[in-house]
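# quick one: sequence plus predicted model below, questions after.
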Amino acid sequence: MSSLLKLDGILVQRDRRTVLEVESLSIERGETLAIVGPNGAGKSTLLLVMARLLKPERGQLLFDHLPVDELRAKDYRRRLALVMQEPLLLNRSVSENVALGLRYRGISAAERPRRVDQWLERLGISHLAVRRAGHISGGEARRASLARALVLEPELLLLDEPFGGLDAPTRRQLFSDLRLILSETQTTTVFITHQLGEALELSTRLAVMLGGRIQQTGAPRDVLARPANAEVGEFLGAQAASN
Amino acid sequence: MHEILQITLLSLKISITATVLSLLIGLPLGTLLALGRFPGRSLSLSVVNTGMGLPPVVVGLFVAIMLWRSGPLGSFDLIYTPAAIVIAQLIIALPIVAGLTAAALQQLDPDLHLQLYGLGASRTQMILTLWQEARLPLLAALMAAFGSVISEVGASMMVGGNIRFQTRVLTTAIVLETSKGAFDTAIALSALLLTITFLVSWALTSIQQRGAKG
């Protein structure tokens, strides 16, 4: 496998306090990397750095072996898609929301509906196409926000707690749909969660983050079997007990 | 009758020009105040918000001093012209547009602009999307700005001079007719002013409410 995104010596500070410190992290093409950790571990900050939405105090990102700083921010971001914790849909119809990134990229009005319809279908929300985003349920809004990112066919998909705030059955259904989509499209994905169970099922590689640092990465079963240190063991143990 | 038509058209021309100019400057300014990260942002926002209640006579005094023949901008020969009224009305409308634009954008989710960038928006596309998302309060800002300038009298009187066929607008004409005791003309002009204000608000409200449906 070859590296798609590489983080090197990243440091993010807020009010002189270190919130993120990543010496080295490489995202391989085609993998699904799950980042788990408790609230406040710096997971979302890491995702913002990857999307170049937060400038670190030091360190650099290499995308496809090129320093990201040498690309225009817009050009870089158009190779990826970010799904934030809240669906953050606009007050328009669901299909207009899903078409948003395509419009930003100048995809013609003739081609947009074809691609939008395809992804509404794959996420099972075709029947909501003309519905206003404010008039759909939380689970449907999640699906719309995922469709809005997937329709872009990004080289890198960044997901921040894509199932947060959903009830168990809705969460389960969306989870299995997304797993199927990711395995079919082979999209390189970084996926943040604080639910170890989902991370284990969805990811090909697991990273455990505590206190702004990545403590361990590896195949999910290996990490689970051999925690790198006592803190990781404690976190994984507590998660396993609560699942 | 001909004179009333001329006064009405002049009023509309002046106030629409001032409102459009205030929009051109106030929309980007309010956006900067809402989204920008720079020292003094909070102070600037307070200044703008204070400016929303600027008394027209104070603006009139300030603009008159500036444009007076011997004043700093006297060489432009603008005092007692429609352009002088436009300048004064622009100063009155600008804080309203900028302040309400900032408030409208700050009501949106603070992460929304990051999400739009994360979908590949350029800076311009991001800002246009936010404006569209806040179109209802932005139209309210437009109505408030137009309403305040079409109905103000102090500044128009002071920098326009209420000169017949040149700078007489509806509000200054109403003041004049009332002072002459010509109440019937004053009432007719007032009715006209109210009708215009209503029609403009009605047009903007129907655009606004069409956007709100769904």
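Now that the structure is in, tell me what you want to look at.
# so the residue in chain A positioned nearest to chain B, which state does it fall into?
Taking Cβ to the nearest Cβ, chain B has its nearest neighbour within chain A at A:L82, 2.8 Å off. Any C-beta I mention is one placed from the backbone N, CA and C, and that applies to glycine too. Three-state call for A:L82 (DSSP: H, G, I helix; E, B strand; the rest coil): strand.
# where exactly do the helices run in chain A?
Here chain A has its helices, by DSSP state H, at A:43-50, A:73-77, A:94-98, A:100-104, A:112-122, A:138-150, A:168-185, A:196-202, A:220-225, A:230-242.
# how about a markdown table for the ones you listed, with distance to chain B, mean neighbour count and mean pLDDT added?
Shown next, in a markdown table, are the helices of chain A (distance: least, Cβ to the nearest Cβ, whole Å; neighbours: other Cβ atoms under 10 Å in any protein chain shown; pLDDT from 0 to 100):
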| stretch | distance to chain B | mean neighbour count | mean pLDDT |
| --- | --- | --- | --- |
| helix A:43-50 | 7 | 23 | 96 |
| helix A:73-77 | 5 | 17 | 94 |
| helix A:94-98 | 10 | 24 | 97 |
| helix A:100-104 | 4 | 21 | 97 |
| helix A:112-122 | 13 | 17 | 96 |
| helix A:138-150 | 7 | 24 | 96 |
| helix A:168-185 | 18 | 15 | 92 |
| helix A:196-202 | 20 | 20 | 89 |
| helix A:220-225 | 26 | 16 | 91 |
| helix A:230-242 | 26 | 14 | 86 |
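# with distance to A:V36 added, can I get the ones you listed in CSV?
Below are the helices of chain A laid out as CSV (distance: least, Cβ to Cβ, whole Å):
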stretch, distance to A:V36
helix A:43-50, 8
helix A:73-77, 25
helix A:94-98, 29
helix A:100-104, 28
helix A:112-122, 27
helix A:138-150, 19
helix A:168-185, 15
helix A:196-202, 5
helix A:220-225, 9
helix A:230-242, 7
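# A:L156: which of the ones you listed is closest?
Minimum separation from A:L156 across the helices of chain A (Cβ to Cβ) falls at helix A:43-50, 7.8 Å.
# can you list contacts of the closest one?
Residues from elsewhere that reach helix A:43-50 (Cβ atoms under 8 Å, 6 or more residues apart in numbering or on different chains): A:5, A:7, A:10, A:12, A:19-20, A:22, A:35-37, A:54, A:56, A:61, A:80, A:82, A:85, A:156, A:158, A:160, A:190, A:192, A:194, A:209, A:212, B:114.
# okay, and which of those residues map to strands?
In strands, judged by DSSP state E, the following of the contacts of helix A:43-50 are found: A:5, A:7, A:10, A:12, A:19-20, A:22, A:35-36, A:61, A:80, A:82, A:156, A:158, A:160, A:190, A:192, A:209.
# quickly note the distance from the residue of chain A closest to chain B to B:S11.
50 Å (Cβ to Cβ, to the nearest Å).
# what's around residue 99, how many residues?
If you meant another chain, say so; for now it's chain A. For A:A99, the neighbour count with other Cβ atoms under 10 Å in any protein chain shown is 22.
# wait, chain B was what I had in mind.
Counted with other Cβ under 10 Å, B:G99 comes out at 25.
# need the pLDDT of it.
Predicted confidence (pLDDT) for B:G99: 97.
# what are the buried residues along whichever strand or helix holds it?
Taking DSSP states H and E as the definition, one finds B:G99 inside helix B:82-106. Buried residues in helix B:82-106, defined by neighbour count with 16 or more other Cβ atoms under 10 Å in any protein chain shown: B:82-105.
# would that helix count as contacting chain A?
No. Judged by Cβ under 8 Å from any Cβ of the partner chain, helix B:82-106 makes no contact with chain A; its nearest approach is 12.9 Å.
# other SSEs contacting that helix?
Contacts defined by 3 or more Cβ pairs under 8 Å, 6 or more residues apart in numbering or on different chains; DSSP states H and E place helix B:82-106 against helix B:2-35, helix B:41-51, helix B:56-67, helix B:135-151, helix B:154-160.
# contacts only, for residue 35.
Defaulting to chain A. A:K43, A:L46, A:V190, A:F191, A:I192, A:T193, A:A199, A:A207, A:M209, A:I214.
# my question was about chain B, not that one.
B:L105, B:H113, B:I127, B:L130.
# going by distance to B:G26, which of the contacts of A:I35 wins?
A:L46 (38.3 Å).
# please tell me how far the closest one sits from A:L100.
25 Å.
# now swap in B:P95 and tell me
33 Å.
# and the residue nearest the centre of chain A?
Central residue of chain A (Cα atoms, centre = their mean): A:L159, 1.7 Å from the mean position.
# you'd agree it is up against A:T189?
Yes. At 6.4 Å, A:L159 and A:T189 qualify as touching, with contact defined as Cβ atoms under 8 Å.
# in chain B, what residue comes closest to chain A?
Counting by Cβ to the nearest Cβ, chain B gets nearest chain A through B:G118, at 2.8 Å.
# now that residue. Nearest residue, chain neighbours left out?
Of all residues not flanking B:G118 in the chain, A:L82 sits nearest, at 2.8 Å (Cβ to Cβ, 6 or more residues apart in numbering or on different chains).
# residues near the one you found, how many?
When neighbours are counted by other Cβ under 10 Å, A:L82 comes out with 26.
# for it, what are its contacts?
Per Cβ under 8 Å, 6+ apart, neighbours of A:L82: A:L47, A:A51, A:L53, A:A149, A:L158, A:D160, B:L114, B:Q115, B:Y117, B:G118, B:L119.
# just name the closest of those residues to B:P72, please.
B:Y117 (43.4 Å).
# where's B:T124, which helix or strand?
Using DSSP H and E, B:T124 sits in helix B:123-133.
# what packs against that helix?
When contacts are defined as 3+ Cβ pairs under 8 Å, 6+ apart, helix B:123-133 sits against helix B:2-35, helix B:112-118.
# buried residues in the first one?
Just to be clear, that refers to helix B:2-35. Result for helix B:2-35 [16+ other Cβ under 10 Å]: buried residues B:7-8, B:10-12, B:14-19, B:21-23, B:26-27, B:29-35.
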